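Trainee: let's see this in three dimensions:
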Amino acid sequence: MPQISQPVARTGPHIGTDIEKTKMGDFPRQPPSGIKVIIVGCGFAGISAAIECDRKGHSVTLLEKVPNIEEITRFGDIISFDPNGSRAFVRWPGVIEAMERIARQTSWLDLYHWKGKFVTRQSFANEKGWGHRINGHRGELHNIIFQHAKARGIDIRFGQRVTEYFETDDHAGVIVNGQQMFADVVIAAEGVRSRGRKLVLGFDDKPKSSGYAVYRAWFPGDVIAKNPMLKHLVVNGDTHQGWIGPDLHFLASSLKGGKEFNWVFTHVDDGNIEESWQFPGKVEDCLKYVEGWAPMVTEIVKSTPKHGRLIDHKLVFRDPLPTFISPKARICLIGDAAHPFLPTSIQGASQSIEDGVVLAICLEKAGKSNVPLAVRAYEKIRYERVHKAQAMGVKTREKWHKANFDTIWDNPESIHLSREPWLLNFDAEVDAYKRYAEVVADLTGSKAKL
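Mentor: This is a model prediction of the structure:
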């Protein structure tokens, strides 16, 4: 990595009870860059980009339409960060330690035939050298990151509804709650329905159905512990297992020593994509999809308590975008706004983290006078990698949903998840510093020292 300027410190409070025994103290960050950044959306992509921009010395305002953080963190189910995504958390004091305490403590996945016969165990133990695998409750993990961002003193504003994006040669901005706000660059991190997409693309593209939807449930593990057929899934600590069948896969796991339990399965989408993309699910509807499946699968679904969080989540599809950036390169898309991932990729969250890491570095290296160049460099660095990663989701889904067990019994490892070093054993920060000068030279046609 090239030499960077010595960071200065800014004092912040302890992150709070969510990161016990972790003294936040002084936060290393680069000297002020003078670059003003507006980020729209306080999901994983937006809040992580805010932290990374703050680390690199940029002035950040994060806008979120919901009235408070509880609207984001109180719900959710399982979310995964692979080693490439979790590298950022290691650089945020106290965060990775807090995440590890609530994450699933397994290094394997047991896979079964949909009728119940055990097929294979896939071990992830050899990936420990690549970094941390974090699998945990979406809301709890998000809250850890939020508490870190708040402790850093980042300007996070709730109840801020952005209705329009705009840009000139000299600045970018948004209209929020009827008022204009200006910055050097605006980052759209609102997800698949981001209003920023219209300015970037030049038209309002509507989401398409991927052909699939996902049922997700999360509830206390004691419900499973009381069931003689299922109690082995929680009484001996955390577990992780999946059943593979015709055009459907069912995954279940326990966390926090078996105190909490979740399950999820992907099914053919029978609804209309123009309707709500997420709504409460019903156990009786779930059972129709897994009729005739292994008794354990149907028993898990039946055990879902009425007060448990069960949702039916439509998997929205977008064609790969021709660009992530606006015509004047003052506005850019990150996370799902730029590249929605299928859950079977296990990379959507990690790639959104990488986006923020790379963008913050490009702004640092380019400086306030070259913000559009920084935004263009961000896209150049990210574009090929993120689309290659997107393809992994389709590859895994097809491997499982069209599994031919006549051949799988002879080669059980053929249904293992693809875990490729180019994707997982990767540090977006190191890579961005390494490639920035070459990328900018390519963009400008200049070999000048940068």
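Trainee: correct me, but Gly159 touches Val66?
Mentor: Yes. Contact criterion Cβ atoms under 8 Å: Gly159 and Val66 qualify, at 7.4 Å. (Each C-beta comes from the backbone N, C-alpha and C, glycine too.)
Trainee: list the buried residues for stretch 243-263?
Mentor: For stretch 243-263, burial by neighbour count (16 or more other Cβ atoms under 10 Å) applies to 243-245, 248-256, 258, 260-263.
Trainee: could you pull out the strands for the stretch 201-350 of the chain?
Mentor: Secondary structure of the stretch 201-350 of the chain (DSSP state E, counting those that start in this stretch): strands at 208-220, 240-245, 248-255, 260-268, 278-280, 309-317, 331-333.
Trainee: for the last one, packing partners?
Mentor: Looking back up the chat, that one is strand 331-333. Helices and strands touching strand 331-333, by 3 or more Cβ pairs under 8 Å, 6 or more residues apart in numbering; DSSP states H and E, are strand 185-188, helix 196-201, helix 371-401.
Trainee: and the longest one, what does it pack onto?
Mentor: To tie it back to what came earlier, the one meant is helix 371-401. Here helix 371-401 touches strand 185-188, strand 248-255, strand 331-333, helix 348-366, helix 421-424, helix 428-444, going by 3+ Cβ pairs under 8 Å, 6+ apart.
Trainee: how much space between Ile331 and Val386?
Mentor: Per Cβ to Cβ, to the nearest Å, Ile331 is found 18 Å from Val386.
Trainee: more neighbours: which of these two?
Mentor: Ile331 (26 against 23; other Cβ atoms under 10 Å).
Trainee: for the more buried one, give me the pLDDT.
Mentor: On pLDDT, Ile331 comes in at 96.
Trainee: same question for Met24.
Mentor: So Met24 comes in at 45 (pLDDT).
Trainee: same check on Glu274?
Mentor: Confidence at Glu274, expressed as pLDDT, is 48.
Trainee: picking that back up, now the strands of the stretch 201-350 of the chain as CSV including distance to Ala377?
Mentor: Shown next, in CSV, are those (distance: least, Cβ to Cβ, whole Å):
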stretch, distance to Ala377
strand 208-220, 30
strand 240-245, 39
strand 248-255, 38
strand 260-268, 36
strand 278-280, 35
strand 309-317, 28
strand 331-333, 11
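Trainee: out of those, which comes closest to Tyr433?
Mentor: Evaluated over those, closeness to Tyr433 peaks at strand 331-333, with 19.1 Å, by Cβ to Cβ.
Trainee: name the surrounding residues that touch the closest one.
Mentor: Strand 331-333 has contacts (Cβ atoms under 8 Å, 6 or more residues apart in numbering) with 165, 167, 172, 185-189, 194, 196-197, 199-200, 321, 324-326, 338, 359, 375, 378-379.
Trainee: at 6 Å instead, please
Mentor: Residues from elsewhere that reach strand 331-333 (Cβ atoms under 6 Å, 6 or more residues apart in numbering): 165, 167, 172, 186-188, 196, 199-200, 324-325, 375.
Trainee: who wins on neighbours among those residues?
Mentor: Each of the contacts of strand 331-333 was scored for neighbours by other Cβ under 10 Å, and Ile187 scores highest at 33 neighbours.
Trainee: report the contact partners of that one.
Mentor: Contact analysis of Ile187 by Cβ under 6 Å, 6+ apart lists 39, 49, 332, 334.
Trainee: can you do 8 Å?
Mentor: Each residue near Ile187 by Cβ under 8 Å, 6+ apart is listed here: 37-40, 46, 49, 331-334, 359.
Trainee: closest to Asp410 among those?
Mentor: Relative to Asp410, the closest of the contacts of Ile187 is Ile334; by Cβ to Cβ it sits at 43.4 Å.
Trainee: what about the nearest residue to the closest one once chain neighbours are set aside, how many neighbours?
Mentor: Once flanking residues are discounted, Ile334 sits nearest to Asp355: 3.9 Å by Cβ to Cβ, 6 or more residues apart in numbering. When neighbours are defined as other Cβ under 10 Å, Asp355 has 29 of them.
Trainee: run a quick neighbour tally on the closest residue to Gly129 other than its chain neighbours.
Mentor: Excluding its sequence neighbours, the residue lying closest to Gly129 (Cβ to Cβ, 6+ apart) is Asn425, at 7.9 Å. By the measure other Cβ under 10 Å, the count of residues near Asn425 is 15.
Trainee: let me see the domain layout of the protein.
Mentor: As assigned by automatic domain parsing, the chain contains the domains 8-105+127-205+319-444, 208-316.
Trainee: now, of the ones you listed, which is deepest in the fold?
Mentor: With neighbours defined as mean count of other Cβ atoms under 10 Å, the domains of the chain peak in mean count at domain 8-105+127-205+319-444, which reaches a mean of 19.
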